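J.: based on what follows, work out the 3D shape:
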Amino acid sequence: MSARASAVAALLLLAGCGGDRIAPTDKAAIERIVHDYILAHPEIIPEAMTAMQTRDVARLLAHNRAEVETPFSGAVAGNPRGDVTLVEFFDYACPYCRAAHGDIKRLIATDPGLRVVYRDFPVLTPESGEAALAALAAARQGHYAAFHDRVFESAGRLDHERVIALVRAAGLDERRAAADLGSPALKAELKRNLDLGRALGLTGTPSFVVGDRILSGAVGYDKLVAAVAAARHRSTPVG
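T.: Below you'll find the predicted structure:
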């Protein structure tokens, strides 16, 4: 972010959010400065607004980070002690999540320092919820990855029959899985994921949380790599 965009963002905050703490004459002066500067340099408006949005996202993540990055037991991949955590909110019925699945697996394979937390976020169909419960049941049995991969790497409509077939194909104990589909604890986990998504302002799937950024949609491998690299750079001690 440029220095002038930073200055304008700060002035906007002072003139707006901090108005109750500034003398009326000073506030009027600040508003005139902002008004005149924006008229002279309208090109900085998008940059200033992006800076403010980035700051707001960072605050949201700071408030929710521990909960967001703590996985349901078993719903995690990559290096369990990785220096960067990538969190994916996804829906098994989402075609864009299917497209992003290969990018995530490639990231895990190429970045030994990456930890991936999967957050089942069933928002599209009733079958999304059933598949998400089956995934958490698989996590309880140590087969989350097998179930997760089979959903995204096999063809077919996501309905009850296919969910049961995927449970079998992933090697789960079917009786335990069937009992877990009605488990209040697993339903509470899905509600927690939905509440977290709303708290972060997520509007769809897939959504990725990494460092102080939220990425929406199937953004592609290169953008995910860049986001992970940026998060790693920010977390590296200087000196």
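J.: only C-alpha atoms from now on, for both contacts and neighbour counts.
T.: Will do.
J.: quick one: the strands in the protein, in order.
T.: 76-78, 84-90, 114-120, 207-210, 213-216 (DSSP state E).
J.: give the buried residues for the last one.
T.: The one in question is strand 213-216. By neighbour count on 16 or more other C-alpha atoms under 10 Å, the buried set for strand 213-216 is 213-215.
J.: tabulate those (CSV), appending pLDDT.
T.: Listed next are these as CSV, based on pLDDT from 0 to 100:
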residue, pLDDT
213, 88
214, 89
215, 91
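J.: and the gap between residue 152 and residue 100?
T.: If you measure residue 152 against residue 100 using C-alpha to C-alpha, to the nearest Å, the figure is 10 Å.
J.: one more: residue 206?
T.: 8 Å.
J.: the two - which one has more neighbours?
T.: A count of neighbours by other C-alpha atoms under 10 Å puts residue 206 above the other of residue 206 and residue 100, at 25 against 22.
J.: my guess is the more buried one meets residue 93, correct?
T.: No. Contact status for residue 206 versus residue 93: not in contact, 10.8 Å apart, counting by C-alpha atoms under 8 Å.
J.: ok, back up a step: make a markdown table out of the strands of the chain and add distance to residue 144.
T.: Output for the strands of the chain, formatted as a markdown table (distance: least, C-alpha to C-alpha, whole Å):
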| stretch | distance to residue 144 |
| --- | --- |
| strand 76-78 | 8 |
| strand 84-90 | 14 |
| strand 114-120 | 10 |
| strand 207-210 | 19 |
| strand 213-216 | 24 |
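J.: circling back: mutual contacts of residue 206 and residue 100, please.
T.: Both residue 206 and residue 100 are contacted by residue 218, under the criterion C-alpha atoms under 8 Å, 6 or more residues apart in numbering.
J.: domains in the chain, by residue range?
T.: The chain is divided into the following domains under automatic domain parsing: 3-53, 70-235.
J.: and among those, the most buried is which?
T.: For these, the largest average neighbour count (mean count of other C-alpha atoms under 10 Å) is found in domain 70-235, namely a mean of 18.
J.: returning to that earlier point: so which of the domains of the chain is nearest residue 60?
T.: domain 70-235 (6.3 Å; C-alpha to C-alpha).
J.: chain center to that closest one: distance?
T.: 10 Å (C-alpha atoms, centre = their mean, to the nearest Å).
J.: what's the answer for stretch 59-72, then?
T.: With C-alpha atoms, centre = their mean as the basis, stretch 59-72 stands 10 Å off its chain's centre.
J.: and for it, what's in contact with it?
T.: Residues contacting stretch 59-72 (C-alpha under 8 Å, 6+ apart): 85, 87, 117-119, 136, 139, 189, 196, 199-200, 212.
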